[in-house]
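# Any chance you can model this:
(chains A, B and C)
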Amino acid sequence: MLRTHRLTPFLFLAPMLALLTFVFGYSLVKIFDFSMRRIRGATGPFIGFENYRQVFKDDVFHLALKHNALLLLAVPILVILSILIAVLLHEQVRGWRFYRTLYFAPYIFAIPVIGIVFSNMLSLNGAVNQLLRGIGLDRLALDWLGSSNLALWTLMFVIIWRELGFGIVLYLARLLSLNEELEDAGKIDGANWGQRLWYITLPQLKDVTEFYVVINIITMLAWVFPFVYVITRGGPGNATQVMELYIYNFAFRNSLPGMASAVAVVLFLITLIFIIPLFTLRQRTEGGEAS
Amino acid sequence: MDTPTNKRYSRRSFLKLAGSGLAFVSAGAFIQGCAAPAAVPAAPAAPADAEAAAEAPTVEEPIAEAPAQAATTLKMWWWGEQEAPGLEKWLKASAEMYKEKSGNTVEMTLQDNASVIPEFQTASAAKNAPDIQFLWNGIYHMESVWLDYLEPLDDLIPTDVLKNSGATALSVFAGKQYRIGWYSAAPCWLYNKEMFADAGLNPEAPPTEWDELLKACEALKATGYTPITGGLKDGPWGEWYMGHGLTPNLDTAADAVNLFIGELDWREPRYYDHWTKLDEIWRAGVINDDMLSIDLYPGIDLFGSGKGAMTAVVVPLIGKQVETLGMEKVGAMVFPVSGAGAMNNLPIADSQGLGISSQSASKQVAADFLTFLHDPERVNALYNEVRALPTDTSWDGATQIKDEPFKTVWQTWVANKDAVPYIANLMPVLFWTDAMFVNSQKIIGGEYNGTQAGENAYAVTQKWKEQNPDMVENYKAWAADLAKV
Amino acid sequence: MTTETPVSVVLETPAPKEGRRIDWFDIVKQLFLIFFALLILFPGYFLLITPFKTQTNYSADKLGLPSPFYFENFTTALRGGRFFLWFGNSLIMVVGAVLLSTVVAALAAFAFSRMRFRAQTPLLAIITALMVIPPVVMIIPLFIFFSRMDMSGSYASAILVYAGLITPFAVYMLTNFFRTIPHEIVESALIDGATSLGILMKILVPLSAPALVTLVVVNSLWVWSDLLIALVLLPTDEKRTLMVGITVFGSRYNSDVPVAMAGMIMASLPMLLLYIFGQKYFTRGLVAGALKG
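Residues are numbered from 1 along each chain as shown, chains lettered A, B, ... in the order given. Sure, this is the predicted structure:
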């Protein structure tokens, strides 16, 4: 540690504090204030919890909430697939380097690009259905984005398609830092592939999994805007409405930033609920390491 | 790692963490305090502001509030290049000419369609509004009128220019006009004359009754054509459809406002009849099957590429369809609904327009520029260079326009005294997204029939009233106004 | 997790191979991996071949190879210069925000890693937590704030916000990396009379080159790909970023899919190249943020 004047550290911290206080601090305070006002343009009268009341009785908000909750189903899928694929790659199955590069590739395409590609491919007469019809699966050539029963699941598929690569790389990195001796001991004891995965590998991946689950929960609840905005705009008939789009629409379309702010507060509080376990997790793993 | 952060967090340190979180947030509160209310000019610079300002190479100079004889710089925010390519060039040329004539400069910023109105409202609330603002018709600028962001134009622009600008009745509130018309954005339907002829229909006489339309669709389908094309994934087709479908069942534009504020009831068959009819034609299989998975413009372009016989458009989009399909094949028609109202079977007029901010320091200069845009030479150029149809009724379109279908469109949709206002413009965005878009999408998706669509429309208007109690009285006043027209 | 370096993940050296014996289980594994490979390759194939089709070719056959190969779509997508304008705007955002954020974060990380001060640990914890707060929560006040300051639609407004949003990750990552640099180096510099700033500039920053590259790569990807901030804060045509540009014109106003796909390919090239030449930085950076975060 450098010996410095008591205030020197704050000199170094000042630019960062100014920046973050503005972007996060100011906004987070202001959003609570806005959520209590009927904002027209940039300001408006104080109306207490009226915005919250309106939001909670709006059936479109209920739909948005429900859809975000349904998107959480992507979390276990992402976890299971990431682990399975990472384990296989870690075993160095034939072509693992190629697979690794390929599986991560979707992650570097920007979401708007992915969204537009999939929008075109998944339209009723798009490439996917042409393929299905071509191999005789006409009955599977569904209206992936146009049917309100399917659109949310299609969206979830696209989200998984892009986000999976990150999970694989994450788990692979973790596997590479694991204790090989345990695995070898397992082999000597005659444990089969499944047993080794279940009893030896998985327990060692616990901390990464906890982290990955929390991050994905937050993603599904609060970071899916670009997918929805580009691919379905919340449609058809609000079938893919989510909280972020609801905020965007009320703030910048329906001229009710007050109501949008109320939802933003809700979303912020939800995020906060998940940040806390993320922290305890992280401190626990770091504490564990130090010992 | 041998740093202090490595120690385990206890419950107490977590509380401490929360405590400094509060400190952090209260620093935010401090900035908020410094960002002075908009009404106070030149707020003392808060830390973040100072930093922001230092980072801001593009901060605009305040508009010089110079005496009238000195040169003025006007700020103008607009939209339109997106639907009428070439408009920007025309506008820039106009500004150049105006500068030579008057010495005044117009600085133009082309906005996105999602932001052009919200940006203006927010800027107005912050007292940073541009002098000249692009305005869609109806509620899109009326809300700003009610918030006192717009200046009445009656005393600023010569009456004949203003009244002949084609701004329509939806630009007037309490006897004052707030918007000057610019170019036509009338919604109409196009049909393919060649396909009509192939199907044994009269290519010069498109259907004018609902039953005729159904028969025409049948004949077209039997000939192997898709009778109607459209794209509904992004939603606005549903707005157009309601505009075309509901109008014939109304007597005046005031009816639409009354429906919206609950004086009339969406659940009456007459007012959801058009949604029942949409259900009917969809079930008859006369619309492209992928309607729900393609967007509005691709749906229209199916018509242009010869994959369908009829489609809904707005006037600025006709040019592209004519270009790809060929002038001789494109006809324009009124969507025939056979409604029970006084506005049945009439063309709908609508225009894009411009207005002046109530905060502008140079309102008269801004008004002079708007008047200059209606100079006969400029109006001619608007048609000749941009292929946008001017809405000036004083313009001699009949001789200036040589090509079909523009000639017909001008005569029927623009220069026609019987044309009716576009009623979708009387309803705010929430009703567009949650009723017009959703109803059409759910009908096509098989989830709603006409009755259910009417019920949803009713529910959405009720919801809107609860969310916007401060706007309801304005709507009532507007309805009274429109009933007098 | 090893402690020598925060980006200690060495992806290049996996465990020793098991003996290769061909059995049914290996085949199952391969089939599983091939299935996912195809799922990923299919959209890639579509994106790659569609720009070489004419519109007629495309609407007749969305799957097959182009016949004939048609190259005009790329020039059509570039016509009018809008593409380059958006491209330039995105570049301004990336350079401005990443530069600002990296400088600010390096200064802060120096204090966090090499000095002691009050509330140090909780402050770092809070800054780390800011990483997961979704931008949509902050966007309304920021939009209104810039409007009040008459800065709406300016580059500066968006750069500030982007820089703010990526700074927590930058601080976190640089702090961890600076801590791995041995004390001895710093101390010998102190004996030579270096100032605090001198130590940061002459020792820590040069020694952190790999971490800095990783940081720049990951944050550039973030800013380049963002849609929401640009949509709200840069609504004017001349300041539009590439992602907003392709979203607005790639789908809604353009039914010429081959041209749109040509645009998509060109919009993806910078990041694709960055990935091909800096794959390890990408994966390292993302994993570093995650495994420790």
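# alpha carbons only for contacts and neighbour counts from here, please
OK.
# Could you list the residues of chain C in contact with chain B?
C:3-4, C:113, C:119, C:121-123, C:125-126, C:144-145, C:147-148, C:150-151, C:154-157, C:160, C:179-180, C:232, C:235-238, C:251-255 (CA under 8 Å from any CA of the partner chain).
# Can you say which of the residues you listed are buried?
Neighbour-count burial (16 or more other CA atoms under 10 Å in any protein chain shown) applied to those gives C:113, C:121-123, C:125-126, C:144-145, C:147-148, C:150-151, C:154-157, C:160, C:179-180, C:232, C:235-237, C:251-252, C:254-255.
# just the residues you listed that are near chain A?
C:S113, C:I144, C:R148, C:L160, C:S251.
# Is it correct that the second one is in contact with A:A42?
Yes - if you go by CA atoms under 8 Å, C:I144 and A:A42 touch, sitting 5.9 Å apart.
# Would you mind listing the residues touching both of these two?
B:T122 (CA atoms under 8 Å, 6 or more residues apart in numbering or on different chains).
# ok, back up a step: now render the ones next to chain A among the buried ones among the residues of chain C next to chain B as JSON lines, adding pLDDT and secondary structure.
Formatted as JSON lines, those follow (pLDDT from 0 to 100; DSSP: H, G, I helix; E, B strand; the rest coil):
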{"residue": "C:S113", "pLDDT": "90", "secondary structure": "helix"}
{"residue": "C:I144", "pLDDT": "91", "secondary structure": "helix"}
{"residue": "C:R148", "pLDDT": "86", "secondary structure": "helix"}
{"residue": "C:L160", "pLDDT": "97", "secondary structure": "helix"}
{"residue": "C:S251", "pLDDT": "57", "secondary structure": "helix"}
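# B:M108: which of these is nearest?
C:R148 (19.7 Å; CA to CA).
# How about the backbone phi and psi for the closest residue to that closest one other than its chain neighbours?
Closest residue to C:R148 apart from its sequence neighbours, by CA to CA, 6 or more residues apart in numbering or on different chains: B:A126 at 4.7 Å. For B:A126, the backbone dihedrals (degrees, to the nearest 10) come out as phi -90, psi 10.
# just the helices in the stretch 101-250 of chain B please.
Along the stretch 101-250 of chain B, the stretches classed as helices by DSSP state H, counting those that start in this stretch are B:116-125, B:139-146, B:159-163, B:193-198, B:210-222, B:236-246.
# Select, out of these, the one closest to chain A.
Shortest distance between chain A and those, using CA to the nearest CA, is found for helix B:116-125: 4.1 Å.
# From the contact counts, what lies against that closest one?
Other elements packing on helix B:116-125 under the criterion 3 or more CA pairs under 8 Å, 6 or more residues apart in numbering or on different chains; DSSP states H and E are strand B:132-135, helix B:139-146, helix C:135-148.
# Could you save these as a markdown table and add columns showing distance to A:Y171?
Shown next, in a markdown table, are these (distance: least, CA to CA, whole Å):
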| stretch | distance to A:Y171 |
| --- | --- |
| strand B:132-135 | 53 |
| helix B:139-146 | 51 |
| helix C:135-148 | 27 |
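# which of those is buried the deepest?
Across the helices and strands packed on helix B:116-125, averaging neighbours per residue (mean count of other CA atoms under 10 Å in any protein chain shown) puts strand B:132-135 on top, at a mean of 26.
# Please name the strands paired to that one in the sheet, noting orientation.
Strand pairing for strand B:132-135, determined by DSSP bridges: strand B:73-78 (parallel), strand B:351-356 (antiparallel).
# Give me the buried stretch members for the last one, please.
Within strand B:351-356, the residues that qualify as buried by neighbour count (16+ other CA under 10 Å) are B:S351, B:Q352, B:G353, B:L354, B:G355, B:I356.
# same thing with stretch B:425-445?
Buried residues in stretch B:425-445 (16+ other CA under 10 Å): B:425-445.
# try stretch C:48-60
Quick answer for stretch C:48-60 (16+ other CA under 10 Å): C:I49, C:T50, C:P51, C:F52, C:K53, C:T54, C:Q55, C:N57, C:Y58, C:S59.
# ok, so of the residues you listed, who is nearest A:G95?
Closest to A:G95, out of all of these and judged by CA to CA, is C:I49, at 24.9 Å.
# Only the buried residues of the helix or strand where that closest one lies, if you could.
Element membership of C:I49 [criterion: DSSP states H and E] is helix C:24-49. Buried residues in helix C:24-49, defined by neighbour count with 16+ other CA under 10 Å: C:K29, C:Q30, C:L33, C:F36, C:A37, C:I40, C:L41, C:P43, C:F46, C:L47, C:I49.
# Could you point out the helix or strand that follows that helix?
helix C:55-60.
# what's that following helix in contact with?
Residues contacting helix C:55-60 (CA under 8 Å, 6+ apart): C:T50, C:P66, C:S67, C:D256, C:V257, C:P258.
# mind running it again at 10 Å?
Applying CA atoms under 10 Å, 6 or more residues apart in numbering or on different chains, the contact partners of helix C:55-60 are A:125-127, B:305, C:49-54, C:61-62, C:64-70, C:73, C:255-259.
# Among these, which are located in helices?
A:A127, C:I49, C:N73, C:V257, C:P258, C:V259 (DSSP state H).
# Next, the contact list for the fifth one, please.
Applying CA under 10 Å, 6+ apart to C:P258 gives the contacts C:47-59, C:62, C:70, C:72-74, C:76-77, C:264.
# how about a cut-off of 8 Å?
C:T50, C:P51, C:F52, C:K53, C:T54, C:Q55, C:Y58, C:N73.
# Just the closest of these to C:A106, please.
C:P51 (42.7 Å).
# Just to check, that closest one is in contact with C:A262?
Yes - contact criterion CA under 8 Å: C:P51 and C:A262 qualify, at 4.8 Å.
# what residues are shared contacts of these two?
Contacts common to C:P51 and C:A262, judged by CA under 8 Å, 6+ apart, are C:N73, C:F74.
# sorry, back to before: out of the buried residues of strand B:351-356, what pair is the most spread apart?
Checking those with CA to CA, the most distant pair is B:S351 and B:I356, at 16.6 Å.
# still on that earlier bit, with distance to A:G258 and pLDDT added, can I get the ones in helices among the contacts of helix C:55-60 in TSV?
Below are the ones in helices among the contacts of helix C:55-60 laid out as TSV (distance: CA to CA, whole Å; pLDDT from 0 to 100):
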residue	distance to A:G258	pLDDT
A:A127	42	94
C:I49	46	95
C:N73	45	90
C:V257	39	89
C:P258	42	91
C:V259	40	90
